[in-house]
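>>> below are the sequence and a predicted model for it; my questions follow.
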Amino acid sequence: MRRIIALIVTAMAVACSATEPKPLTLLIGTYTNDGSRGIYRTQFDAAEGKLSAAELIIEVDNPSYLALTEDSRYLYAVSEGGRSEGSALNAYRYDAAKDRFTPISRKATYGASPCYVALHGGYAYTANYTGGSLTRFQIAEDGTLGEGVEQKYEPKEGQRSHVHGIFVAPDEKSIYVTDLGRSEIYQIEGDRELSRTALPAGVGPRHMAFSKDGRVAYALGELSGTVSVFDIEPQGLRLKQTIASDSVGGKGCADIHLSPDGRYLYASNRLKEDGISTFRVGEDGTLCKVGYTLTGVHPRNFILTPEGDYLLVAARDSNSVEVYARDSATGELQFTGERLELSRPVCLKWMK
């Protein structure tokens, strides 16, 4: 009888552990000019929708964007200096036994104000906003960085280049680079430019997302407050829809992501009526705006949980990370009241 009871208890424990989601580890990049000291870590309990207290794990200057390898063994973080002298890419190795990150490289980006880092094909790339350039670093087997090679983009018809983001193409063979200043998107494979997509002056493409089937690309225009919808074709991107995200003229759109099931797209808007736009995705990839959710001030970056039950927002000027419950059927967002206080958070990444 005791053995039977023990087996039943064990089976119940296994069943509970299988149904209850494990806490998710969230890394938070910040600006360090007002109390923050670098990169922080928190645990998100998806069962309760709660965040643990923020823990400083890496002390570094202005880590405004982060990128992790697939296994989370290596972390790369920009230091967004206002001048080229203070602008750098930092590399860290994670030691699971000691539960800590160790610095292994710091390399100059040459271009000033690196605001984005992406990993692709054995290289790390930084988008240097003020420098108007893209810098490529070869990654060694031990995760360390080689010297950066900078690609500068000259002004176009009086529009100064402001490279803002780097996004791996759905086929993983190339990357797309958004240039907010020149209002262009470059497709690059290695050191070759495959295509260049020009958008009207004043659109200012900032961040991108791609449909689950890899056929459609979405680019958020920071200045125009619009989402541009493209068919991905062999010769480049073909525009098929432009739809408003910001309807009040804030000119500060920031981040864009699809839900895990690909049925809804979300875009953040700043500077006026700060919040998140919700779009339903049609069968052909086109969008229909179905909602708007007010957030804290300056939602620069946001992230969805892997299951899509929650959306977390880095509200920079509210000095907080906010938690929104998400209805997977309607795409609707609802603030849960959960808020993690932290000075100037600007980048959120899940650590596996």
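Received, thanks. Quick caveat, the model's predicted, so the values are computed rather than measured. Residues are numbered from 1 along each chain as shown.
>>> strand partners (parallel or antiparallel) of the helix or strand containing Phe230?
Using DSSP states H and E, Phe230 sits within strand 226-233. Partner strands for strand 226-233, per DSSP bridges, with pairing direction: strand 216-221 (antiparallel), strand 236-244 (antiparallel).
>>> could I get the first one in PDB with only the CA atoms?
What that stands for is strand 216-221. Taking C-alpha atoms only, strand 216-221 is exported to PDB below (Å, rounded to 0.1, in the frame of the first residue of the first chain):
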ATOM      1  CA  VAL A 216       6.400  38.600 -45.900                       C
ATOM      2  CA  ALA A 217       8.500  41.300 -44.200                       C
ATOM      3  CA  TYR A 218       7.300  44.100 -42.000                       C
ATOM      4  CA  ALA A 219       9.200  47.300 -41.400                       C
ATOM      5  CA  LEU A 220       8.200  49.900 -38.800                       C
ATOM      6  CA  GLY A 221       8.800  53.500 -39.800                       C
END
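>>> so what's Ile57 up against?
Residues near Ile57 by CB atoms under 8 Å, 6 or more residues apart in numbering: Leu27, Gly38, Ile39, Tyr40, Arg41, Arg100, Phe101. Any C-beta I mention is one placed from the backbone N, CA and C, and that applies to glycine too.
>>> my guess is Glu184 meets Gly204, correct?
No. Taking contacts as CB atoms under 8 Å, Glu184 lies outside contact range of Gly204: 10.3 Å.
>>> can you get me a residue count around the closest residue in space to Pro306 that isn't next to it in sequence?
Using CB to CB, 6 or more residues apart in numbering and skipping residues adjacent in sequence, the residue nearest Pro306 is Pro260, 6.5 Å away. For Pro260, the neighbour count with other CB atoms under 10 Å is 15.
>>> Pro260 contacts Asp309, correct?
No. Assessed by CB under 8 Å, Pro260 is found out of contact with Asp309, at 9.6 Å.
>>> which residues does the strand holding Phe230 contact?
169-170, 197, 199, 203, 205, 210, 214-221, 237-246, 253, 256, 265, 267, 279, 285-287.
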